[in-house]
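[1] Give me a 3D structure for the following:
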Amino acid sequence: MIAQRVDTETFASGIEALGTARSNESLDVSANLTEKIISLNFQDGAYVEEGALLARLDDTAERAELAAAKARLAERRRTLDRSKSLVSDRVLSESEVDLRASEVETAVAEVAALEADIADHQIRAPFAGRVGLRMVSVGALIRPGDVITTLDDIDTIKVDFTVPETELARLKPGVPLVARSAAYPDRSFEGEVSAVDTQVNPQTRAVLARAEIDNSGRELQPGMLIELEVLARQRESLAVPEGALVPRGDRQFVFRVVDGKAERVEVTVGTRRPGVAEITGGLEAGDLVVIDGTMKLQPGAPVKVTERSAALPHVTDATES
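    Model prediction:
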């Protein structure tokens, strides 16, 4: 038989909910003009940084116009400089110089407009994220609204979920939670409640909340069904392995070792999680309880305590009968 000292662990009253994973940021990448695609600069499913060039549209005509506009600007600036030198010789009036300055400003505006037009031909990622599949090919004529690909920031996953209004007092921003997906049955993901809606739905008597889940490994994908356990009302309580519990009808007992003998003690069990039970009454921290072999044990039976930490990874004391 093996025994273990009773110690404290962190427990929480969980609120269970379901939701669908969504990207932290998501958009359909498209152009805002009609033009031919001359290059696509990404691979399907690749991760791209903010500002990365995703696609380039044909801007040959615009670049030619820009070159001409820059030449006009340079010429008008030279004319303005010559005009300023002639003012001192009273060859030109101040009003004529002001006219030359106005022409320079107009040329500067033309250059800026053409540079902005060329920038519209370069489709860049507005934020870092993962691109989806290519929906067009090089050489295709694209129109405003045509989807080139998708872009999703999934380093953080958002999940909207509802809980009954009776749980509203325990549901606050910052409350930790654990998320699970059927795609990763042996994994859990940590997150927290990020926001709670300001209204309760009068038809369902439920409130909408939003969770943010750390997905730095990028395992979770938008659209996945996510199981959430909101760890509300966290507390430190005594805990024993579930193997230490001996049920008798609706009551629960454990065998405590006192002066080398087994003593059956009734306990009050609170929250359970896999392999561990919360004890809210009947034991004290430091009590030595039998966690294996309870079916063979009788109250008052003599037991011998030995050190057998290798028998169970987290056992500090062992008992042999």
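
[2] element containing Arg235?
    Using DSSP states H and E, Arg235 maps to strand 225-241.

[3] Same question for Glu96.
    Here Glu96 is assigned to helix 94-120, by DSSP H and E.

[4] Tell me how far that helix lies from the chain's centre.
    Taking the mean C-alpha point of helix 94-120 and that of its whole chain, the gap between them comes to 46 Å (Cα atoms, centre = their mean, to the nearest Å).

[5] all strands for the stretch 1-150 of the chain, in order.
    2-5, 7-30, 35-40, 47-48, 53-57, 122-124, 129-131, 141-142, 147-164 (DSSP state E, counting those that start in this stretch).

[6] okay if I get those strands as TSV plus distance to Arg256, mean pLDDT and mean neighbour count?
    Backbone N, C-alpha and C define where each C-beta goes, glycine included. Below are the strands of the stretch 1-150 of the chain laid out as TSV (distance: least, Cβ to Cβ, whole Å; pLDDT from 0 to 100; neighbours: other Cβ atoms under 10 Å):
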stretch	distance to Arg256	mean pLDDT	mean neighbour count
strand 2-5	9	78	21
strand 7-30	14	87	16
strand 35-40	71	94	16
strand 47-48	56	94	17
strand 53-57	67	95	19
strand 122-124	68	94	17
strand 129-131	55	94	21
strand 141-142	76	93	16
strand 147-164	39	94	20
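
[7] Which parts of the stretch 151-300 of the chain are strands?
    176-181, 184-201, 206-214, 225-241, 246-248, 251-258, 261-273, 276-281, 288-292.

[8] what angle separates the fourth one from strand 261-273?
    Looking back up the chat, that one is strand 225-241. Strand 225-241 runs at 170 degrees relative to strand 261-273, counting by axes from the mean of the first three to the mean of the last three Cα atoms, to 10 degrees.

[9] follow-up on the earlier one: export the strands of the stretch 1-150 of the chain to CSV and tack on distance to Ser237?
    CSV is the format used below for those (distance: least, Cβ to Cβ, whole Å):
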stretch, distance to Ser237
strand 2-5, 15
strand 7-30, 5
strand 35-40, 58
strand 47-48, 43
strand 53-57, 53
strand 122-124, 53
strand 129-131, 42
strand 141-142, 61
strand 147-164, 23
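
[10] Ok, which of those strands comes nearest Glu229?
    For Glu229, the closest of those is strand 7-30, at 4.5 Å, according to Cβ to Cβ.

[11] quick one, the closest one and strand 184-201 angle?
    Going by the same axes, to 10 degrees, strand 7-30 makes 80 degrees with strand 184-201.

[12] May I ask you to name the longest helix in this protein?
    Secondary structure of the chain per DSSP state H: the longest helix is helix 60-88.

[13] Kindly calculate the angle that that one makes with helix 94-120.
    Here helix 60-88 runs at an angle of 160 degrees relative to helix 94-120 (the same axes, to 10 degrees).

[14] With adjacent residues omitted, what lies nearest to Gly191?
    Ile213 (3.4 Å; Cβ to Cβ, 6 or more residues apart in numbering).

[15] Pick out the residue nearest the middle of the protein.
    Thr156 (1.9 Å; Cα atoms, centre = their mean).

[16] If we ignore the residues flanking it in sequence, what's nearest that residue?
    Nearest one to Thr156, counting by Cβ to Cβ, 6+ apart, is Asn24 at 4.2 Å.

[17] returning to what we had before: bridged to the residue nearest to Gly191, which residues?
    Note on Ile213: beta-bridge partners by DSSP bridges are Ile157, Gly191.
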